[in-house]
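Enquirer: Have a look at this prediction, sequence included:
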Amino acid sequence: MSVHQSRRQPLVDPPWSTLTYLALGRSVLAFEAQRTQLAHRKVDSCEFIDHVTVRYHVSVDMTRPTALTSFTQSAIASTDEWLAPVALLRKAVLRNFNIADGNGAAVTVLTTTEHRKLATSMIVNRAQSLLGKEHLATGLAHEIDRIVREEDWRTGRKLWRRFTSCQDAAAELKQQRAVLLNDSTFSWLLRNLAENFFLCALIQAKPGDRVLLKYEYETSVRLVRSVQPRTHWAKRNLRWLAQQLGLLPLRLRIGASVNESGSYHIELLPPDEVFCTVAELRAIRDEGKKTRMLGKERAVRRVHIHTVAAHSRESGMFDVSLLLRTDGFLAAAWLVSLLTVLLLAGGLVLHSEGVSTLPGGSGILALLPGLIGAYLFRPGAHRLVRRLGQGIRFLVGFLVVDSFLAAGLLTVHMAPGIRPAWWLSLTVPAVVIFCVISAAWLHSWLSERPGRQTGAL
């Protein structure tokens, strides 16, 4: 499923029975009902790997409940062992996953099969409590089992929507489906298990003990479209070009678990040459139809937003907009474009006035912007920086070629009147590129100003 881990022996020998999973499912459900009281604090620190991948560093501070012991005594022999529901994670590939306690000791998590059995027991527990003595119809049981076991969250969402909108011909199926869907807890649980899974870990803790768990993993983030898909192609391409050239920020959407603790913190750590123009933490419900703002920051180099627990039926959405800072790659690119324009403009003036022979060393001087610009193609830059500066890097590459061509023209003998025309053909594109890079630098500088004024930097 989602957690890649080495093969290990079952937690107990022999493996847990169906009754054991039912008992553990009741325990997890009871914990989730009061999670914001038992999970005191959660911190998500996001570090960019590239523009589509982030690494989460998560810490969770929680207390083992004392009232739930009876649920697990029949399941786990030792009362010092607790199957802790650590987090609700999206059904997606979690690369380089690692989990440990507060002392750095490794913690055992359930396998993929065990997670599925636990999820099935949770939803069966809730269904049985709603139906009473009546047995769950075979057709409904099959649909629910398929939703829970689905490994892809997008397919799981489709199956859940089909489950909620299905029109049953049989009276028994129709009645039971109505009873289940009218219960908000069942609907919330099935929706969550369709797209997510409960990450559960077996830890050493007595009832009432406070536990600190830390885990980390890599996962993908979403690119936020600047325009709707049905927008005219010319407008879409224009906005894409503006984003490539640094005239518009790169917008990304990162998952945020705002409803899993009493206090929630999210931190974003961009590379040194990148800053965040806007960061918005929102709570959403009803499939995005209702949203509310939980926190917002502007023009900061490090994002840190804190909020209290959201409603259990809400999920989190963390949108960030990123730009290059003015004092790094962007400043160097602007300097290269300025030197190129000054040298080419000066040469154009001299050639237009009929100066056919320039002083010795003029060719080396014309090469200067190209040599400086070549430094900007260094391989050690962060991948997110390279993505944000992709368009600017292309323009600088053109200026490097432009300066080399200008140096070459100085070594070639030409008839009077021809050299100024060639020189003009090199100067005009350089001026256009200088204006574009200047606009990108100015846009980044203006976007940083609110942070400087408010002291956020």
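Expert: Yep, that arrived.

Enquirer: What ranges in the stretch 51-200 of the chain fall below the confidence cut-off?
Expert: Within the stretch 51-200 of the chain, the set of residues satisfying pLDDT under 70 comprises 67-79, 133, 168-169.

Enquirer: Quick one: the helices in it, in order.
Expert: 69-72, 112-131, 138-149, 153-165, 171-181, 184-195 (DSSP state H, counting those that start in this stretch).

Enquirer: For these, please prepare a markdown table with the additional fields mean neighbour count and distance to Phe318.
Expert: (Each C-beta comes from the backbone N, C-alpha and C, glycine too.) As requested, the helices of the stretch 51-200 of the chain are exported to a markdown table (neighbours: other Cβ atoms under 10 Å; distance: least, Cβ to Cβ, whole Å):
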| stretch | mean neighbour count | distance to Phe318 |
| --- | --- | --- |
| helix 69-72 | 17 | 34 |
| helix 112-131 | 20 | 25 |
| helix 138-149 | 17 | 27 |
| helix 153-165 | 16 | 18 |
| helix 171-181 | 15 | 30 |
| helix 184-195 | 19 | 17 |
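
Enquirer: nearest to Phe329, of the ones you listed?
Expert: Of all these, helix 153-165 sits nearest to Phe329, with 36.2 Å by Cβ to Cβ.

Enquirer: residues contacting Ser121?
Expert: 18, 21-22, 24-25 (Cβ atoms under 8 Å, 6 or more residues apart in numbering).

Enquirer: That one and Gly25, how far apart?
Expert: 3 Å (Cβ to Cβ, to the nearest Å).

Enquirer: repeat for Arg298
Expert: Look at Arg298 and Gly25: by Cβ to Cβ, they are 44 Å apart.

Enquirer: any idea how far the lengthiest helix in the chain is from the chain center?
Expert: Ranked by residue count, the top helix of the chain under DSSP state H comes out as helix 418-454. A distance of 31 Å separates the centroid of the chain from that of helix 418-454, by Cα atoms, centre = their mean, to the nearest Å.

Enquirer: follow-up on the earlier one: neighbour count winner among Arg298 and Gly25?
Expert: Taking neighbours as other Cβ atoms under 10 Å, Arg298 and Gly25 compare with Gly25 leading, 23 against 17.

Enquirer: How about the contacts made by Leu395?
Expert: Contacts for Leu395 were tallied using Cβ under 8 Å, 6+ apart; they are 245, 333, 337, 433, 436-437.

Enquirer: what does Arg64 give?
Expert: Arg64 sits next to 38, 82, 84, 205-209, 211 when contact means Cβ under 8 Å, 6+ apart.

Enquirer: quick one, strands of the protein?
Expert: 39-50, 53-63, 81-90, 95-101, 108-109, 196-204, 210-220, 222-223, 250-256, 263-269, 274-285, 290-300, 303-308, 315-324 (DSSP state E).

Enquirer: burial measure for the spatially closest residue to Leu384 that is not a sequence neighbour, as a count.
Expert: Nearest residue to Leu384, sequence neighbours excluded (Cβ to Cβ, 6 or more residues apart in numbering): Phe48, at 4.8 Å. Burial measure for Phe48: 24 neighbouring residues, criterion other Cβ under 10 Å.

Enquirer: Kindly report the same for the one 5 residues further on.
Expert: A total of 15 residues lie near Thr53 under the criterion other Cβ under 10 Å.

Enquirer: Bridged to it, which residues?
Expert: Using DSSP bridges, the bridge partners assigned to Thr53 are Asp50, Ser220.

Enquirer: hang on, Gly316 packs against Ile254?
Expert: No. Applying Cβ atoms under 8 Å, one finds Gly316 not in contact with Ile254, separated by 9.0 Å.

Enquirer: re earlier: give the other helices and strands that the longest helix of the chain contacts.
Expert: In this structure, helix 418-454 makes packing contacts with strand 274-285, strand 290-300, strand 315-324, helix 329-352, helix 390-409, judged by 3 or more Cβ pairs under 8 Å, 6 or more residues apart in numbering; DSSP states H and E.

Enquirer: closest to Gln167 out of these?
Expert: For these, proximity to Gln167 was assessed by Cβ to Cβ; strand 274-285 is nearest, at 25.7 Å.

Enquirer: Pull up the pairing partners for the closest one, direction included.
Expert: As assigned by DSSP bridges, strand 274-285 forms pairs with strand 290-300 (antiparallel), strand 315-324 (antiparallel).

Enquirer: Mind putting the ones you listed into a markdown table with mean pLDDT?
Expert: A markdown table is the format used below for those (pLDDT from 0 to 100):
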| stretch | mean pLDDT |
| --- | --- |
| strand 290-300 | 89 |
| strand 315-324 | 91 |
